[in-house]
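K.L.:
Output the structure for:
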Amino acid sequence: MFGERLKLARKRAGLSLRELSARLQNRVSAQAIGKYEAGQMFPSSSVLVALGDALNVDLDFLTSTQVAELCGVEFRKDAQTKVKEAAKVEAAVIDRVERYLAIEAVLELQSEAHDLADRKPHDVASYDEAEAIANQLRADWQLGIDPIPSVAKLLEEKGIKVLALDMPAHFFGLTCEVKRSNGLPSLPVIVVSTSITLERRRFTLCHELGHRLIGGTKNELDYEKAMHRFASAFLMPASSLREEFGNERHALAYAEIKSAKHFYGVSAAALIVRLRDLNIIRDGYLTYLFQTMARTWRSTEPDPLLEQGEKARDEEPERFEKLVYRALAEQLIALPKASMLLQKPTHDVEFAIRGAALADANSRQ
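P.N.:
Below you'll find the predicted structure:
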């Protein structure tokens, strides 16, 4: 376990064995580090501390045994993604999940309780089947046909661990199963990048949710397009869109598109593609839109959702942070531990606990 963590941390830092040895001022040879990673040797406590410092990771990350590995990792990324960047993302996910599980253990919460536990992934033979799975999930979760105010909070309510991470530029999100040690049940985790637009963040969360429910495709159906169809149907139910736009349209006004994209919390491009999928508009008109009014919409969002507005705050995963503050308020953990778990300065964490009382105390000093 330690060897795998060390290797992952080294890859996350983008270092070769020789480069890590050099960062340690050749205190440990590249060959010795290779043996650590292979599980053939274990470092002394002083070398362990030095490794953590050199790799900028907590010792808890290197020595913890809660997360064995990430299984079935499905990235939503573009063609420019590099293997080294993927390793960095996986290391960041393991680090965050370790801290998540640590605080749940302090509070004696059941990490394995989630709504997807009894849902087996299905293979689909058509995009309509992917849409049907999205519709069934909305029905099971009693969402009706209304827009989803917060996708992140909805998934957290269902027991899915949602992480928002600062990911490399070409990564949008990922989903995976976290395999735990000691035979404990695996956990579903969905990760979204904080660097993408709010519209894309919501869509990516639903896209990754689709990966949890759709295991594969048949008849050479494009798997990623099936995920797009699932996400679109989950965010924009067909019956709701038909009420909004009618059953068939020959043209659309920008004002209609702008209003609807804000109503559903989606990108303008995703909205008009969804209208085409439902045959509300035709292929030819969709092509015309992307050649005229919508020609820049795939790269630049028109009238974007406010990144600092209420909807943006609603899409911030908050359960982990709430659990840490709960444990701190109940004095189950100390302030330095809370600061480490949250990766925030001690003063900021203390202010979150004491609020104005802290500010008043500081002003009297």
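K.L.:
Flag the helix or strand of the chain with the lowest per-element mean pLDDT.
P.N.:
For the chain, scoring each helix and strand by mean pLDDT, DSSP states H and E identifies helix 356-364 as the least confident one, at a mean of 58.
K.L.:
E90 and E37: what is the separation?
P.N.:
Relative to E37, E90 is positioned 15 Å away (criterion: CB to CB, to the nearest Å). Every C-beta, even on glycine, is put in place using the N, C-alpha and C of the backbone.
K.L.:
Likewise for A327?
P.N.:
Computed with CB to CB, the distance linking A327 and E37 is 33 Å.
K.L.:
what's the host helix or strand of A105 in contact with?
P.N.:
Mapping A105 onto the secondary structure by DSSP states H and E places it in helix 83-106. Here helix 83-106 makes contact (CB atoms under 8 Å, 6 or more residues apart in numbering) with 5, 8-9, 11-12, 14, 57-58, 60-61, 64, 66-67, 70, 73, 75, 77, 110-111, 161, 163, 165, 167-168, 170-171, 174, 176, 178, 180, 187, 189, 191, 320, 323-324, 327, 332-333, 341.
K.L.:
List the strands paired with the helix or strand just after it, with their directions.
P.N.:
Stepping forward along the backbone from helix 83-106, the first helix or strand reached (DSSP H and E) is strand 122-124. Within its sheet, strand 122-124 is paired with strand 214-217 (parallel), according to DSSP bridges.
K.L.:
Let me know the average pLDDT across the strand it pairs with.
P.N.:
Averaging pLDDT along strand 214-217 gives 95.
K.L.:
what's in contact with the helix or strand just after that strand?
P.N.:
If you walk from strand 214-217 toward the C-terminus, the next helix or strand you reach (DSSP H and E) is helix 223-235. Contacts of helix 223-235 with the rest of the structure, by CB under 8 Å, 6+ apart, involve 124, 127, 130-131, 133-135, 137-138, 147-148, 151, 202-204, 206-207, 209-211, 213-214, 216-217, 264-266, 270, 273-274, 277.
K.L.:
quick one on the thing from earlier: keep only those of the contacts of helix 83-106 that are in strands.
P.N.:
When strands are assigned by DSSP state E, the members of these inside them are 67, 70, 73, 75, 77, 161, 163, 165, 171, 174, 176, 178, 180, 187, 189, 191.
K.L.:
Which one of those sits in the busiest neighbourhood?
P.N.:
The member of the ones in strands among the contacts of helix 83-106 that has the most neighbours, counting by other CB atoms under 10 Å, is V191 with 29 neighbours.
K.L.:
what's the helix or strand for the closest residue to L198 other than its chain neighbours?
P.N.:
Residue nearest to L198 in three dimensions, not counting chain neighbours: L305, with 4.4 Å by CB to CB, 6 or more residues apart in numbering. Secondary-structure element containing L305, defined by DSSP H and E: none, the residue being outside all helices and strands.
K.L.:
any idea how far L305 lies from I257?
P.N.:
When distance is defined by CB to CB, L305 is 14 Å away from I257.
K.L.:
got it, and L209?
P.N.:
Using CB to CB, L209 is found at 25 Å from I257.
K.L.:
The two: who's more crowded?
P.N.:
Set L209 next to I257 and count neighbours by other CB under 10 Å: L209 wins out with 26 against 22.
K.L.:
Can you verify my assumption that the more buried one contacts L155?
P.N.:
Yes. L209 is in contact with L155 according to CB atoms under 8 Å; the separation is 6.7 Å.
K.L.:
Identify the contacts common to those two.
P.N.:
In the contact map built from CB under 8 Å, 6+ apart, the residues linked to both L209 and L155 are I190.
K.L.:
Looking at the ones in strands among the contacts of helix 83-106, which is nearest H347?
P.N.:
Looking at the ones in strands among the contacts of helix 83-106 and their distance to H347, the nearest is L165, at 23.6 Å (CB to CB).
K.L.:
quick one: buried residues of stretch 281-292?
P.N.:
For stretch 281-292, the buried set under the neighbour-count rule, 16 or more other CB atoms under 10 Å, comprises 281, 285-286, 289-290.
K.L.:
Sorry, slip of the keys, the one I care about is stretch 338-354.
P.N.:
Neighbour count says stretch 338-354 has 338-342, 344, 349-352 buried, by 16+ other CB under 10 Å.
K.L.:
Need the CA coordinates for it. PDB is fine.
P.N.:
Taking Å, rounded to 0.1, in the frame of the first residue of the first chain, the C-alpha atoms of stretch 338-354 are listed here in PDB:
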ATOM      1  CA  ALA A 338      -9.600  20.400  10.900                       C
ATOM      2  CA  SER A 339      -7.200  22.700   9.100                       C
ATOM      3  CA  MET A 340      -5.400  19.800   7.600                       C
ATOM      4  CA  LEU A 341      -8.600  18.000   6.500                       C
ATOM      5  CA  LEU A 342     -10.000  21.100   4.900                       C
ATOM      6  CA  GLN A 343      -6.600  22.200   3.500                       C
ATOM      7  CA  LYS A 344      -7.400  25.700   4.800                       C
ATOM      8  CA  PRO A 345      -5.400  28.100   7.100                       C
ATOM      9  CA  THR A 346      -6.100  27.600  10.800                       C
ATOM     10  CA  HIS A 347      -7.400  31.200  11.100                       C
ATOM     11  CA  ASP A 348     -10.000  30.700   8.400                       C
ATOM     12  CA  VAL A 349     -11.200  27.500  10.000                       C
ATOM     13  CA  GLU A 350     -11.400  29.100  13.400                       C
ATOM     14  CA  PHE A 351     -13.300  32.100  12.000                       C
ATOM     15  CA  ALA A 352     -15.800  29.600  10.400                       C
ATOM     16  CA  ILE A 353     -16.400  28.200  13.900                       C
ATOM     17  CA  ARG A 354     -16.500  31.400  16.000                       C
END
